[in-house]
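Undergrad: take a look and give me a structure for this.
(chains A and B)
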Amino acid sequence: MKAIITVIGKDTTGIIAEVCTLLANQKINILDISQTVMEGFFTMTMLVDLSASSVSFSDVSDSLKEKGESMNLSIRIQREDIFDLMHRI
Amino acid sequence: MHSQKEILSTINMIDHQHLDVRTITMGISLLDCCSDDVNVTARKIYDKITRLAKDLVKVGEDIEKEFGIPIVNKRISVTPISIVAASCKQTDYTPIAESLDRAAKKCGVNFIGGFSALVHKGMTNGDINLINSIPTALAKTERVCSSVSVASTKAGINMDAVALMGRIIKQTADLTADNGGFGCAKLVIFANAVEDNPFMAGAFHGVGEAECVLNVGVSGPGVVYHALQKCKGQPFDVVAETIKKTAFKITRMGQLVASQASERLGIPSGIVDLSLAPTPEKGDSVARILEEMGLEVCGTHGTTAALALLNDAVKKGGVMASNHVGGLSGAFIPVSEDEGMIEAAMKNALTLDKLEAMTCVCSVGLDMIAVPGDTSAETLSAIIADEAAIGVVNTKTTAVRIIPAVGKKVGDIIEFGGLLGSAPVMPVHEFSSVNFINRGGRIPAPMHSLKN
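TA: Here you go, the predicted model:
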């Protein structure tokens, strides 16, 4: 299953490292990353593949949310389908 | 991969523009729950609902988590109880309402609809028993919703039923007076009622429906409002196009939830209801969309035209995004549930007469309107008759959900809380309709009902 992770918040050192480590530990493969910082505001979107992971989607979602809260960021994961359907005919 | 702009626009809609799926509603047939004893029927109903809907809330919550889309309500609609209970020897159907309430609580849904009767042409004994049970049933239960169909384009308007419902509304208000007449917020009087409506309080599972289906109601006034802010001063062609595109996106999301939920629950997907349903939250108002089109306050001259454009564009945008469209599909204008409508009513810009005109061009009708507690039953019936006439002649659904606010007068406010909001008490005409309502009988179906 493919999903989109979005990380939004104030830029600090090591955001990508922290998120990527968490994903690697859960065997979630990153397929694509896009990241920008505008006026100190950090925005990252990632396309990930969860098919090799044995962790449930719900647990992945909870761990990302927790990680976000500890770093004062908003981190969420959503199945890719919602973006496909909303933005493609 | 999707562009960051697309991804963030979706997230922005959810986080800041109140984008949500308003309801996933499981329709359940209760036709196999009939018996000659009301308590036996009540038990069969409880058993069937709690068996079929036991996973409804969990499935809804799983989908919310995986897709990041809030699903505000999970609900159940059932076969009109007047039919299910018709063979019972007792005449009071309140035990069935209590059984529906218990089943709703057990399943974790916030409303269950279908304490209903379809009497647009005439009333059976079961229909009369059900209607007479409505005031007590709504007073004794928390989550049960009731509806009565009193007119259709094919049958005309059953004026005996219209007269009766005026009295039933008064009784319901009296029995729930301590709660601001909350019982009346759970009672809808329909013309051209639809069998697959997922929205409360008017949802019921029609007899033409399958054993068990899943219907979805989308929403998103906030998203439309934000989209329109980007086309200030542009001609209406641009406004209509913008609403269509926005409605398409909202509905695609609803369709996704519909197919996911029906697959996981193992039941067929029924319809997606393309509606703009407001909430009392700031930024989730249909009135504000109309004002964004250039009206100083909702209710002023131009409001009906603005609403007509909105209603039509929502349907045009949504219809391509879903497999099967149904339910009420259109913009809702429930006064107490819409922050902009409440403000407009308090400024006296929005009157009952203007709301009646607006119901000619949008879905549903006079919805969540509080009137003075001393409004007579005949005046309530006459309001219902007017609304039914609009529905019957225009071949559309119309409805009345009106609350006589016991002990309150024009200008007072009654608070319902939550999604039902707060309603300013609006004035009604003071001249009598008593002799009109007392005639009874049936207003014949209009000429254009003869299509065969």
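
Undergrad: so which residues of chain A form helices?
TA: Using DSSP state H, the helices of chain A run over residues A:15-25, A:57-70, A:81-87.

Undergrad: tell me which of those helices sits nearest to chain B.
TA: helix A:81-87 (4.2 Å; C-beta to the nearest C-beta). Placement of C-beta: from N, CA and C, glycine included.

Undergrad: pull out the buried residues from the closest one.
TA: A:81-83, A:85-87 (16 or more other C-beta atoms under 10 Å in any protein chain shown).

Undergrad: list the contacts for residue 85?
TA: You didn't pick a chain, so chain A it is. B:252-253, B:255-256 (C-beta atoms under 8 Å, 6 or more residues apart in numbering or on different chains).

Undergrad: oops, chain B please
TA: B:34, B:38, B:41, B:93, B:96, B:126, B:129-130.

Undergrad: report pLDDT for it.
TA: Residue B:85 carries a pLDDT value of 98.

Undergrad: residue B:101 too?
TA: So, for residue B:101, pLDDT stands at 98.

Undergrad: which residues touch it?
TA: B:112, B:140-144.

Undergrad: and chain A, which residues reach chain B?
TA: Counting by C-beta under 8 Å from any C-beta of the partner chain, the positions of chain A adjacent to chain B are A:4, A:6, A:8, A:31-32, A:34, A:36, A:43, A:45, A:47, A:57-58, A:61, A:76-87.

Undergrad: what about residue 26, how many neighbours?
TA: Defaulting to chain A. 17 (other C-beta atoms under 10 Å in any protein chain shown).

Undergrad: nope, chain B please
TA: 30.

Undergrad: pull the CA atoms of the helix or strand hosting it into CSV?
TA: Assigned by DSSP states H and E, residue B:26 falls within strand B:21-28. In CSV, the C-alpha atoms belonging to strand B:21-28 read as follows (Å, rounded to 0.1, in the frame of the first residue of the first chain):
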residue,chain,number,x,y,z
VAL,B,21,-17.9,13.4,5.1
ARG,B,22,-21.0,14.4,7.0
THR,B,23,-22.4,10.9,7.5
ILE,B,24,-22.2,7.3,6.6
THR,B,25,-25.6,5.8,7.1
MET,B,26,-26.4,2.1,7.1
GLY,B,27,-29.9,1.4,5.8
ILE,B,28,-31.4,-1.7,7.3
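
Undergrad: now the next helix or strand after it against strand B:21-28, angle please.
TA: For strand B:21-28, the following helix or strand on the C-terminal side (DSSP H and E) is helix B:38-52. If you take axes from the mean of the first three to the mean of the last three C-alpha atoms, to 10 degrees, helix B:38-52 sits at 130 degrees to strand B:21-28.

Undergrad: which parts of helix B:38-52 are buried?
TA: Here helix B:38-52 shows B:38, B:41-46, B:48-49, B:52 as buried, counting by 16+ other C-beta under 10 Å.

Undergrad: ok, those vs chain A, which is closest?
TA: residue B:52 (24.2 Å).

Undergrad: distance from the chain centre to the strand or helix carrying residue B:163, please.
TA: Secondary structure from DSSP H and E places residue B:163 in helix B:159-175. Distance of helix B:159-175 from the chain centroid (C-alpha atoms, centre = their mean, to the nearest Å) equals 19 Å.

Undergrad: residue B:258: what secondary structure?
TA: helix (DSSP: H, G, I helix; E, B strand; the rest coil).

Undergrad: can you pull the contacts of the closest residue to it other than its chain neighbours?
TA: In space, residue B:258 comes closest to residue B:216 once its chain neighbours are excluded; the distance is 4.1 Å by C-beta to C-beta, 6 or more residues apart in numbering or on different chains. Counting by C-beta under 8 Å, 6+ apart, residue B:216 touches B:21, B:23-25, B:198, B:254-255, B:257-258, B:261, B:269, B:271-273.

Undergrad: residue B:216 belongs to a strand?
TA: Yes: assignment of residue B:216 by three-state DSSP places it within a strand.

Undergrad: quick one: pLDDT of it?
TA: Per the predicted model, pLDDT is 96 at residue B:216.

Undergrad: tell me what it is bridged to.
TA: residue B:24, residue B:272 (DSSP bridges).

Undergrad: what distance do you get for residue B:284 to residue B:72?
TA: Counting by C-beta to C-beta, to the nearest Å, the gap from residue B:284 to residue B:72 is 11 Å.

Undergrad: looking at the two, which one has more neighbours?
TA: residue B:284 (25 against 18).

Undergrad: next up, the contacts around the residue lying closest to that one once chain neighbours are set aside.
TA: Distances taken as C-beta to C-beta, 6+ apart place residue B:18 nearest to residue B:284, at 4.1 Å, with adjacent residues excluded. Residues in contact with residue B:18 (C-beta under 8 Å, 6+ apart) are B:219-223, B:279, B:281, B:283-284.

Undergrad: could you tell me which of these count as buried?
TA: If we count by 16+ other C-beta under 10 Å, these have these buried: B:219-223, B:279, B:283-284.

Undergrad: of those, which belong to helices?
TA: Using DSSP H, those in helices are B:221-223.

Undergrad: got a markdown table for those, with pLDDT too?
TA: Converted to a markdown table, these look like this (pLDDT from 0 to 100):
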| residue | pLDDT |
| --- | --- |
| B:221 | 93 |
| B:222 | 93 |
| B:223 | 94 |
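
Undergrad: nearest to chain A among these?
TA: For these, the nearest to chain A is residue B:223 (10.8 Å; C-beta to the nearest C-beta).

Undergrad: distance check, that closest one against residue B:335.
TA: 22 Å.

Undergrad: swap in residue B:71?
TA: 25 Å.

Undergrad: pull the residues that contact stretch B:323-333.
TA: Residues contacting stretch B:323-333 (C-beta under 8 Å, 6+ apart): B:194, B:196-199, B:202, B:215, B:217, B:221, B:255, B:259, B:269-278, B:286-287, B:307, B:310-311, B:314-315, B:318-319, B:341, B:355, B:358-359, B:362-364, B:367, B:397.
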